[in-house]
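K.L.:
sequence? don't have it. structure:
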């Protein structure tokens, strides 16, 4: 929840920018858009406000957002290697368990994130209490209200319904406990009129006209479903109570909504009556105050709002020809579409799930999946195990939540570094050797010339960093996108993007990648696929051949992340697996491998 709060705060920065752009567009295009379309422009904002709570978006749009995500990660030096794991290697491992890993930037829920979550929830609770108090006042108002009794006002109301071609019978009530007329309820709309505004309708022709304008205005709110809109505005206030730009936008939206309703009413009136309508607004402004209910549709408003509405009436009074009005509508539609298209580029920057990019899309409807309980095997670790059996076309997944959560691939990514290194000609199946750069490393096995197999077996980071330096980000990103690897994000430091949480992948995706790799479905030549397969070969037992790669991630000098991914060939069938383990001090690739082989032995897939 702490991470969500931080991501949500980042999203709000962009939401504030979008609101600023909406204000700018509204000002620049004011002469090109009708009042109704200017009001509709704010509906784009509701779409953007909803984006942070929607599912993840396509990863190729998220390069910049992923950089923002990493700002909240605990700072760890990517150039510091993890200490070799001292855990004993599984029997028959033949030395392949030289588990040397680079340090990874580990995403840890921060105290700041937790504090932000608490403040956000507390603010929402306060807003909900405020809305509940308003709802209680509305309930009390309904109980104290009486059906409209004034015969003259009832006749006016019936005429207004016919004038606006509204066939639904919307109840009208009068009350002494309301200063401003309002319409409430989306499914069961009701209009409430203050008694003091309708008390002298029988004796004053002028007052009767004012009442008619008031009723037309409220019915216009009904026609355009403003009760639903105002409910959405209330929801926005709850979720974004801390964002002053959202409050400012909602206040301006309410004004634009009232102006749009005024314009709708004016279209029903003769131009000679425009001044009377404006006078009625001023007359009401002198007698009434803003409604007691937050964002309730009604004719009242602040003096600043009233001023804008009077100016709008004056503009309408100047009039325009039907041809001009049609042209303005067409221009308005085009301007609206252009604004929506431009602002749509911000959508990937607002998505919490997209920004975090920590969940994979793993369809289950077309798969046979079982969920074994392996909690005893994972005792002391958070993690998951994923297995795919080609013969039965069946999956086994332990801890589905972790299996679908993306994290740093650590050194397991070196399988794919080797692939695009071979494809780009940096190395070749016939010539994979690289000379040691002369730099002294803490692991003696690294301080020597390397081949692809030795570099893979001993997880020699400098070998694969050299491939990345020669390939460059364009080649790497092209490979990631075509292969569909994890979140497909390569950015930041070219020597450590795969270890600092820029690039992430889930255990389920690791298995899917291995399946595509094994079946030569990665748009890579068969010779290069075979070269990498040879480099990750580990052991043979009882007719079963084991291929795989470990990965270890460390933070603050402690091994906190362990991977073991690979496959086993036996009796003409193949088992693909991925195991991930995490804890605070002893989660390493060798431990993940030991745990994996134990599970596979219990399943009678491997002889441990």
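P.N.:
Good, I have the coordinates. What you see is a predicted model; the values in this text were computed from it and never measured.
K.L.:
what about this protein, any weak spots by pLDDT?
P.N.:
Along the chain, the parts satisfying pLDDT under 70 run over 1-6, 55-111, 113, 200-206, 283-306, 317-325, 348-349, 351-366.
K.L.:
Mind jotting down where the strands sit in it?
P.N.:
Using DSSP state E, the strands assigned to the chain run over residues 146-147, 172-175, 182-184, 190-194, 368-370, 382-389, 394-398, 537-541, 544-555, 558-570, 573-582, 586-587.
K.L.:
Show me what the third one packs onto, helices and strands only.
P.N.:
The criterion is 3 or more C-beta pairs under 8 Å, 6 or more residues apart in numbering; DSSP states H and E, and the helices and strands that strand 182-184 contacts are strand 190-194, helix 205-223, helix 226-239. (Glycine included, C-beta is placed from N, CA and C.)
K.L.:
again with the longest one
P.N.:
In terms of contact count using 3+ C-beta pairs under 8 Å, 6+ apart, strand 558-570 is assigned the packing partners helix 507-518, strand 544-555, strand 573-582, strand 586-587, helix 589-602.
K.L.:
so which of these comes closest to residue 533?
P.N.:
Closest approach to residue 533 among these (C-beta to C-beta): strand 544-555, 6.5 Å.
K.L.:
Tally up the residues packed near residue 333, please.
P.N.:
14 (other C-beta atoms under 10 Å).
K.L.:
nearest residue to it other than its sequence neighbours?
P.N.:
Of all residues not flanking residue 333 in the chain, residue 37 sits nearest, at 7.4 Å (C-beta to C-beta, 6 or more residues apart in numbering).
K.L.:
from what I can see the one you found touches residue 332, true?
P.N.:
Yes. Residue 37 is in contact with residue 332 according to C-beta atoms under 8 Å; the separation is 4.3 Å.
K.L.:
May I see the helices and strands packed on strand 182-184 organised as a markdown table, with mean neighbour count and distance to residue 451 added?
P.N.:
Formatted as a markdown table, the helices and strands packed on strand 182-184 follow (neighbours: other C-beta atoms under 10 Å; distance: least, C-beta to C-beta, whole Å):
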| stretch | mean neighbour count | distance to residue 451 |
| --- | --- | --- |
| strand 190-194 | 22 | 81 |
| helix 205-223 | 21 | 76 |
| helix 226-239 | 19 | 56 |
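K.L.:
now those in a markdown table, with distance to residue 374?
P.N.:
A markdown table is the format used below for the helices and strands packed on strand 182-184 (distance: least, C-beta to C-beta, whole Å):
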| stretch | distance to residue 374 |
| --- | --- |
| strand 190-194 | 58 |
| helix 205-223 | 59 |
| helix 226-239 | 39 |
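K.L.:
among those, which is nearest residue 24?
P.N.:
With C-beta to C-beta as the yardstick, what comes closest out of the helices and strands packed on strand 182-184 is helix 226-239 (20.3 Å).
K.L.:
still on that earlier bit, wait, which of the strands of the chain is closest to residue 154?
P.N.:
Ranking these by distance to residue 154, with C-beta to C-beta as the measure, places strand 172-175 first at 7.7 Å.
K.L.:
Sheet-wise, list the partners of that closest one with their directions.
P.N.:
Listed by DSSP bridges, the sheet partners of strand 172-175 and their directions read strand 146-147 (antiparallel), strand 190-194 (parallel).
K.L.:
could I get these as JSON lines with distance to residue 384?
P.N.:
Output for these, formatted as JSON lines (distance: least, C-beta to C-beta, whole Å):
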{"stretch": "strand 146-147", "distance to residue 384": "63"}
{"stretch": "strand 190-194", "distance to residue 384": "54"}
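K.L.:
Looking at the helices and strands packed on strand 182-184, which is nearest to residue 272?
P.N.:
When the helices and strands packed on strand 182-184 are compared for distance to residue 272 using C-beta to C-beta, the nearest one is helix 205-223, at 12.2 Å.
K.L.:
If you count contacts, what does the closest one end up packed against?
P.N.:
Here helix 205-223 touches helix 151-163, strand 182-184, strand 190-194, helix 195-198, helix 244-266, helix 274-287, going by 3+ C-beta pairs under 8 Å, 6+ apart.
K.L.:
go again using 10 Å as the cut-off
P.N.:
Here helix 205-223 is seen to pack against helix 151-163, strand 182-184, strand 190-194, helix 195-198, helix 226-239, helix 244-266, helix 274-287 when contacts are counted using 3 or more C-beta pairs under 10 Å, 6 or more residues apart in numbering; DSSP states H and E.
K.L.:
Out of the ones you listed, which gets nearest to residue 469?
P.N.:
With C-beta to C-beta as the measure, helix 244-266 is the member of the helices and strands packed on helix 205-223 nearest residue 469 (43.3 Å).
K.L.:
Out of the strands paired with strand 172-175, the one nearest residue 127 is which?
P.N.:
Taking C-beta to C-beta, strand 190-194 is the member of these nearest to residue 127, at 23.7 Å.
K.L.:
where's the closest one relative to the chain centroid, distance-wise?
P.N.:
Offset of strand 190-194 from its chain centre (C-alpha atoms, centre = their mean, to the nearest Å): 40 Å.
K.L.:
how big is the angle separating that strand from helix 151-163?
P.N.:
Note on geometry: by axes from the mean of the first three to the mean of the last three C-alpha atoms, to 10 degrees, strand 190-194 and helix 151-163 are set 140 degrees apart in direction.
K.L.:
what comes into contact with strand 190-194?
P.N.:
Counting by C-beta atoms under 10 Å, 6 or more residues apart in numbering, the neighbours of strand 190-194 from elsewhere in the structure are 138, 141-142, 145, 148, 150, 153, 157, 170-185, 211, 214-215, 218-219, 221-222, 227, 287-288, 291, 293, 296-298.
K.L.:
Now list the buried members of these.
P.N.:
Buried residues within these, defined by neighbour count using 16 or more other C-beta atoms under 10 Å: 138, 141, 145, 148, 150, 153, 157, 170, 172-175, 178-185, 211, 214-215, 218-219, 221-222, 227, 288, 291, 293, 296-298.
K.L.:
Dump the strands of the chain into a markdown table; add distance to residue 503 as well.
P.N.:
Formatted as a markdown table, these follow (distance: least, C-beta to C-beta, whole Å):
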| stretch | distance to residue 503 |
| --- | --- |
| strand 146-147 | 67 |
| strand 172-175 | 62 |
| strand 182-184 | 52 |
| strand 190-194 | 57 |
| strand 368-370 | 26 |
| strand 382-389 | 19 |
| strand 394-398 | 23 |
| strand 537-541 | 24 |
| strand 544-555 | 12 |
| strand 558-570 | 13 |
| strand 573-582 | 15 |
| strand 586-587 | 19 |
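K.L.:
Which of those sits closest to residue 428?
P.N.:
Of all the strands of the chain, the one in closest proximity to residue 428, counting by C-beta to C-beta, is strand 537-541 (18.8 Å).
K.L.:
How far does that closest one sit from its chain's centre?
P.N.:
The mean C-alpha position of strand 537-541 is separated from the chain mean by 43 Å, C-alpha atoms, centre = their mean.
K.L.:
do the same with stretch 418-431
P.N.:
Mean-position distance between stretch 418-431 and its chain equals 38 Å (C-alpha atoms, centre = their mean).
K.L.:
quick one, longest helix in the protein?
P.N.:
With residue count as the measure and DSSP state H as the assignment, the chain has helix 111-144 as its longest helix.
K.L.:
Give the buried residues for it.
P.N.:
113, 116-117, 120, 124, 127, 131, 134, 138, 141.
K.L.:
angle of that helix against strand 190-194?
P.N.:
Our comparison of helix 111-144 with strand 190-194, counting by the same axes, to 10 degrees, yields an angle of 70 degrees.
K.L.:
Could you tell me the angle between helix 111-144 and helix 226-239?
P.N.:
The directions of helix 111-144 and helix 226-239 differ by 150 degrees, with the same axes, to 10 degrees as the criterion.
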